[in-house]
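>>> A predicted structure for the sequence below; I have some questions about it.
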Amino acid sequence: MSEPTKAAAPSGRAATKKELPEHFRGYKHVWVFVEQERGQVHTVSWELMGAGRKLADKLKVDLAAVVIGPDGEATRQAANEAFCYGADLVYVVADDLLTDYRNESYTKALTDVVNTYKPEILLLGATTLGRDLAGSVATTLLTGLTADCTALDVDADGSLAATRPTFGGSLMCTIYTLNYRPQMATVRPRVMQMPERLARDPGRIVVHPLGLIEDDIVTKVLSFLPDRESAKSNLAYADVVVAGGLGLGSPENFQLVRQLASVLGAEYGCSRPLVQKGWVTSDRQIGQTGKTIRPKLYIAAGISGAIQHRVGVEGADLIVAINTDKNAPIFDFAHVGIITDAIRLLPALTEAFRARLSPHSRDRIAS
Amino acid sequence: MHIVVCIKQVPDSAQIRVHPVTNTIMRQGVPTIINPYDLFALEAALELRDKFGGEVTVLTMGPPSAEDSLRKALTYGADRAVLLTDRFFAGADTLATTYALATAIRKIGETYGAPDIIFTGKQTIDGDTAQVGPGIAKRLGLLQLTYVAKIGALDLAGRTIEAERRSEGGVQILRTRLPCLISMLEATNEIRRGAMKDALRAARAPIVKWSAQDAGVEDISKCGLRGSPTIVKRVFAPSPRAEMAVLIDFAGRPPAEALIEDIFKRQPKLEAELAALARGF
């Protein structure tokens, strides 16, 4: 996110720095919770390792990963992999009771490791798992938790400065947890850049016991129904994304977005108002309360570009905006703009891309 | 059975404006609504009550004007409304908010009967943190089911409930023990229109108003600004990028072709990649 135009008066909770209480002074190092579900590490965890590495370097402390999961190969591999994404050491809680995510067992595991080894900063992905877990852990520890951060930094005095959109994405705010530890924050997938994976040998692994038996855990997983492959949208990780907004005028016109996406082999998405109007399902929403994307090419058709949307697309390599309103805020952060009606341009763009990208398309049309 | 639904009155955030000079939120004249995500929680609660009998209590913490949202909830058919309002609650972050709400829920239990289920929405549209539900559960020592898409078998005598919970890459079918806290996923039901008798009742129904002391808050330092570990240090509007978007010069060409030329000029590798993608389709 770009620099502020000017410093505004803090609203509500104003800053008052007190001395960090004695019992928190021993809290050191930056931790990232490595989320794995059904043997797969969520990419957001490695993205957070990249962000965590920068914080740790600035603070001149270690970066640690916390891997929680079943006792087996997947958890071992996740721990080893954490070193390739910059971990100096890895804490592992491995127990078959942790095979499925359950709030009780994961909260116990993470809270125990925090209370034993005392990190100053703890980062989690803002996924359904991460948000479920972070809220419980922060409340157990009675510390501050800042959700859905878009930028993380450390101050001159070593405090975590967590910036996130607020008021539905109309403004940005920077939040501190000054007198409590750890300072906790969640970050949505794709907000932080994926760091480069370096082949490295595993380093120090600290194993911590779970200390539960199945009877201690009340909630039982009766079954798990994986999503059908076809139902999964790859929006967050797509290389090319085409999205539409209110400028399309009617729900029928949204198919123009889908058609262009189809020709480009792209994923399609939309801005928040289209979800609120029921034109498009919520899994296609791009922005602060939807998906964050980092494609090579993003085409925004009829989207005005509210901050709520902006923070979800700023990581795109090339943003192309199509809008009739030359004063639309999207032109403040798009790289290329075209002032025209998306409803007219999209079909032409679809045809032109089709002709350009598929040399055989003419033959097919002819036959 | 007794169900408590936590709701929040929020500004209709689509209409929030930022003052161009002072960079502050312009609250005046912004209409307020029940947080839309909370309506799915309320409807789920009303459906369970209709099926199993009992009462639904709606609870909110906010300024005196939050009474409007509680009355609205009564028109949908909630049986009782409790407003937690006190200047000591002002400036609360999520941790301080959960302290106040959990305290009030305990008081509701003592006064009107222990709740079997606490419902919340997935998150609010103004804060968007999704932290208050889990926080209330933890403070009350309840089990939590978040992101619930569907409520399954409920066994009041056996004290168990089953639910479908959305997780990454699939749906978990879970069974847990009552009492518990459930946060409902959006678009899982549709709030009812509300019967005429409920609308009439809602207009006159007394709203239970509790101060911090009334609700049984023992430690005022855990409330509001003082009880909040997080501090908002800076609020700002993001500035425009240094350069504005380059507007395409058609130069007599069809706009679509001019745009494609420009895209490939800026991202030379993209054309080959797109062609490869297109071949795959």
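Thanks, I have the structure now. Numbering: from 1, shown residues only, chains lettered A, B, ... in the order given.
>>> show me what the top helix by length along chain B is packed up against.
Longest helix in chain B by number of residues (criterion: DSSP state H): helix B:94-112. Counting contacts by 3 or more CB pairs under 8 Å, 6 or more residues apart in numbering or on different chains; DSSP states H and E, helix B:94-112 packs against helix A:128-141, strand B:2-6, strand B:55-61, strand B:80-84, helix B:132-140, helix B:212-215. C-beta coordinates here come from the backbone N, C-alpha and C atoms, glycine included.
>>> next, format the ones you listed as CSV and append mean pLDDT.
Formatted as CSV, the helices and strands packed on helix B:94-112 follow (pLDDT from 0 to 100):
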stretch, mean pLDDT
helix A:128-141, 97
strand B:2-6, 98
strand B:55-61, 98
strand B:80-84, 98
helix B:132-140, 98
helix B:212-215, 98
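>>> now what about stretch A:222-240, what contacts it?
Outside stretch A:222-240, the residues within contact range by CB atoms under 8 Å, 6 or more residues apart in numbering or on different chains are A:38, A:43, A:100, A:189-190, A:241, A:261, A:264-269, A:283-284, A:286, A:291-293, A:295-298, B:162, B:167, B:169-175, B:273-274, B:277.
>>> among these, which lie within helices?
Those of these lying in helices (DSSP H): A:T43, A:A261, A:L264, B:E273, B:L274, B:L277.
>>> what segments of the stretch 51-200 of chain A are helices?
A:73-84, A:103-117, A:128-141 (DSSP state H, counting those that start in this stretch).
>>> deepest of those helices, which one?
Most buried of those by mean neighbour count (mean count of other CB atoms under 10 Å in any protein chain shown) is helix A:128-141; its value is a mean of 25.
>>> what does that helix contact?
For helix A:128-141, the surrounding residues in contact (CB under 8 Å, 6+ apart) are A:33, A:35, A:37, A:42, A:44, A:101, A:103, A:106-107, A:110-111, A:114-115, A:122, A:124, A:126, A:144-145, A:147, A:182, A:184, A:186, B:94-95, B:98, B:130-135, B:137-139, B:144, B:146-147, B:166-168.
>>> sorry, back to before: which among the contacts of stretch A:222-240 end up buried?
Among the contacts of stretch A:222-240, those classed as buried by neighbour count (16 or more other CB atoms under 10 Å in any protein chain shown) are A:38, A:100, A:189-190, A:241, A:261, A:264-269, A:284, A:286, A:291-293, A:295-298, B:162, B:167, B:170-175, B:274, B:277.
>>> what about those, which are in strands?
The strands, defined by DSSP state E, take in A:241, A:267-269, A:297-298, B:162, B:167, B:170-175 from the buried ones among the contacts of stretch A:222-240.
>>> bridged to the residue nearest to A:A151 when sequence neighbours are not counted, which residues?
Closest residue to A:A151 apart from its sequence neighbours, by CB to CB, 6 or more residues apart in numbering or on different chains: A:T163 at 4.2 Å. Applying DSSP bridges to A:T163 gives these bridge partners: A:A151, A:T174.
>>> look at A:T163 and say how many residues are nearby.
For A:T163, the neighbour count with other CB atoms under 10 Å in any protein chain shown is 23.
>>> wouldn't it be in contact with A:M172 here?
Yes - assessed by CB atoms under 8 Å, A:T163 is found in contact with A:M172 at 5.8 Å.
>>> what's near enough to touch A:F254?
Going by CB under 8 Å, 6+ apart, A:F254 touches A:G244, A:L248, A:C270, A:L274, A:W279, A:V280.
>>> most neighbours, which of these?
Result: A:G244 is most packed of the contacts of A:F254 (other CB under 10 Å), 32 neighbours.
>>> from B:P64, how far off is it?
Using CB to CB, to the nearest Å, we find A:G244 at a distance of 42 Å from B:P64.
>>> pop the domain breakdown of chain B in here.
B:2-222, B:240-281 (automatic domain parsing).
>>> for those domains, which has the smallest mean pLDDT value?
Mean pLDDT is lowest for domain B:240-281 among the domains of chain B, at a mean of 82.
>>> quick revisit: and which of the ones in helices among the contacts of stretch A:222-240 is nearest A:F83?
Set against A:F83, the nearest of the ones in helices among the contacts of stretch A:222-240 by CB to CB is A:T43 (16.9 Å).
>>> which residues does the closest one contact?
By CB under 8 Å, 6+ apart, the residues touching A:T43 are A:P189, A:M194, A:Y237.
>>> switch those over to a markdown table; also include pLDDT.
Conversion of the contacts of A:T43 to a markdown table gives the following (pLDDT from 0 to 100):
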| residue | pLDDT |
| --- | --- |
| A:P189 | 94 |
| A:M194 | 95 |
| A:Y237 | 90 |
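>>> which one of the residues you listed is nearest to chain B?
Proximity of those to chain B (CB to the nearest CB) peaks at A:P189, which lies at 9.6 Å.
>>> correct me, but that closest one touches A:D148?
No - contact criterion CB under 8 Å: A:P189 and A:D148 do not qualify, at 10.8 Å.
>>> what touches both of these two?
In terms of CB under 8 Å, 6+ apart, A:P189 and A:D148 are both contacted by the residues A:A126.
>>> still on that earlier bit, hey, which of the domains of chain B is tucked in deepest?
By mean count of other CB under 10 Å, the domains of chain B have domain B:2-222 as the most buried, with a mean of 19.
>>> do me a favour and get the end-to-end distance for it?
Distance across domain B:2-222, first residue to last, is 28 Å (CA to CA, to the nearest Å).
>>> for stretch A:282-290, same thing?
End-to-end distance of stretch A:282-290 (CA to CA): 7 Å.
>>> which residue lies farthest from the center of chain B?
Here chain B reaches farthest from its C-alpha mean at B:G252, the gap being 51.2 Å by CA atoms, centre = their mean.
>>> does it count as helix, strand or coil?
When classified by DSSP: H, G, I helix; E, B strand; the rest coil, B:G252 comes out as coil.
>>> could you measure from it over to B:A258?
B:G252 is 9 Å from B:A258, by CB to CB.
>>> swap in B:R159?
Distance check for B:R159 against B:A258: by CB to CB, it reads 68 Å.
>>> what do you get for B:D50?
Per CB to CB, B:D50 is found 60 Å from B:A258.
>>> before we move on, what about B:E67?
As judged by CB to CB, B:E67 and B:A258 stand 57 Å apart.
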